[in-house]
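> All I have is the shape, not the residue letters:
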């Protein structure tokens, strides 16, 4: 594009243009972070003009015709519309949407918007930190969902006869996004590339392995914390039991069976020896019981995990009407 019209340069001022789009007939759309400027050159029926469309909006929608497409900017104060030729509409919409995402703080300044997709009533934005999803008649408003890669626990793709489902799992909660099969290859490539780069892996298997390692590490920390917390109550309980004392049953005569001192001494000695041997046996038996309980708890945990996986599969199949 040659030198920009002076009137457009004055309108944009010190702002940096993200995109400059030639929309034909000497007209130009300039997109900055905060606003879109449309320059109309002088014609037989109109003077040279520049219109400004703020990106601080409540809603952005698109009306596509056979030859022209109108982009509508809805704010608290009202609505503005920008009409461009259909051949450059996608380029204009993508540039404007990038500005809107940054102005409305959906995307941070240091975040890169890698690709944008619009499929009928679905808009997907793939950045280097998150996947953004918006469903509805508008291209964008505040009714959107964000899936940060930092919280991602799984990613998968299921191909159907007409559409492919992008399955995003965040914190154990699955979200399904349907995209047309003719565009599914590029969507998958863009999403995988962004997620893999963020997690520094090269495959879905690598991503899942990393997630399992992180979960195992978290479980280990929780287990250590639980063990430390439980050790103190055990000691307190043991001390309490030792302080309770013991008395013989009411029907036992502790004065009967008079014996001489030697008998008492021998009996006491034998009892002490037997008690020592029984004490060692009791400790060994207790250790075995603890080991058996530990194995039982581990088996139960595995069964619970398997049941949870089965329930998740069942829910997914019910949602698909199977």
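Alright, I've got the coordinates. What you see is a predicted model; the values in this text were computed from it and never measured.
> from the chain's centre, how far out does stretch 80-93 sit?
33 Å (Cα atoms, centre = their mean, to the nearest Å).
> quick one: buried residues of that stretch?
Along stretch 80-93, these residues count as buried under the neighbour rule (16 or more other Cβ atoms under 10 Å): 80, 82, 84, 88-89, 91-93. In this view, the C-beta of every residue, glycine as well, is placed from N, C-alpha and C.
> what residue ranges in this structure score low on pLDDT?
The chain contains residues with pLDDT under 70 at 1-2, 218-280, 298, 302, 305-306, 309, 312-322.
> let's see 50
233-264, 316-317, 319-322 (pLDDT under 50).
> what's the span of stretch 75-88 from first residue to last?
24 Å (Cα to Cα, to the nearest Å).
> Which stretches in the stretch 101-250 of the chain count as strands?
With strands called from DSSP state E, counting those that start in this stretch, the stretch 101-250 of the chain shows them at 113-119, 122-127, 130-135, 140-141, 144-148, 152-159, 163-170, 173-180.
> Residues in contact with the shortest one: which ones?
The contact list for strand 140-141 (Cβ atoms under 8 Å, 6 or more residues apart in numbering) reads 58-60, 97, 100-101, 123, 134.
> Would you list the strands that that strand pairs with, along with their directions?
strand 59-64 (antiparallel) (DSSP bridges).
> chain center to the strand it pairs with, what's the gap?
Using Cα atoms, centre = their mean, the offset of strand 59-64 from its chain centre is 29 Å.
> likewise stretch 41-55?
Distance, centroid of stretch 41-55 to centroid of chain: 44 Å (Cα atoms, centre = their mean).
> Touching, residue 19 and residue 31? I think so.
Yes: if you go by Cβ atoms under 8 Å, residue 19 and residue 31 touch, sitting 4.3 Å apart.
> Spit out the residues that contact those two alike.
95, 98.
> Look at those two and report which has more neighbours.
With neighbours defined as other Cβ atoms under 10 Å, residue 19 and residue 31 compare such that residue 31 has more, 27 against 16.
> first vs last residue of stretch 25-37, how far apart are they?
End-to-end for stretch 25-37, by Cα to Cα: 16 Å.
> circling back: in helices, which of the buried residues of stretch 80-93 fall?
89, 91-93 (DSSP state H).
> Tabulate these (a markdown table), appending distance to residue 284.
Formatted as a markdown table, these follow (distance: Cβ to Cβ, whole Å):
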| residue | distance to residue 284 |
| --- | --- |
| 89 | 81 |
| 91 | 79 |
| 92 | 80 |
| 93 | 76 |
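> quick check, nearest of those residues to residue 307?
Checking those against residue 307 by Cβ to Cβ gives residue 93 as the nearest, at 47.1 Å.
> so what's the closest one up against?
Applying Cβ under 8 Å, 6+ apart, the residues near residue 93 are 62, 69, 71, 118, 139.
> count of residues packed around the closest residue to residue 112 other than its chain neighbours?
Using Cβ to Cβ, 6 or more residues apart in numbering and skipping the chain neighbours, the partner closest in space to residue 112 is residue 128 (4.5 Å). Using other Cβ under 10 Å, residue 128 has 16 neighbouring residues.
> Identify the residues contacting residue 128.
Counting by Cβ under 8 Å, 6+ apart, residue 128 has contacts 111-112, 114, 194, 197-198.
> let's go with 10 Å and repeat that
107, 110-114, 149, 193-195, 197-198 (Cβ atoms under 10 Å, 6 or more residues apart in numbering).
> what's the nearest residue to residue 211 once chain neighbours are set aside in contact with, if anything?
Spatial nearest neighbour of residue 211, chain neighbours left out: residue 153 (5.4 Å); criterion: Cβ to Cβ, 6+ apart. Residue 153 makes contacts with 168-174, 207-208, 211-212, 214-215, as judged by Cβ under 10 Å, 6+ apart.
> In PyMOL, how would I select the buried members of those?
Of those, the buried ones can be selected in PyMOL as follows, counting by 16+ other Cβ under 10 Å:
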select buried, resi 168+169+170+207+211
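> Just to check, residue 50 is in contact with residue 13?
No: with contact defined as Cβ atoms under 10 Å, residue 50 does not count as touching residue 13 (11.4 Å).
> Now do the shared contacts for the two.
residue 37.
> which of those two has more neighbours?
residue 50 (17 against 8).
> for the helix or strand hosting the more buried one, packing partners?
Element membership of residue 50 [criterion: DSSP states H and E] is strand 49-54. With contacts taken as 3 or more Cβ pairs under 10 Å, 6 or more residues apart in numbering; DSSP states H and E, strand 49-54 sits against helix 6-12, strand 27-31, strand 35-40, strand 68-75, strand 78-85, helix 89-103.
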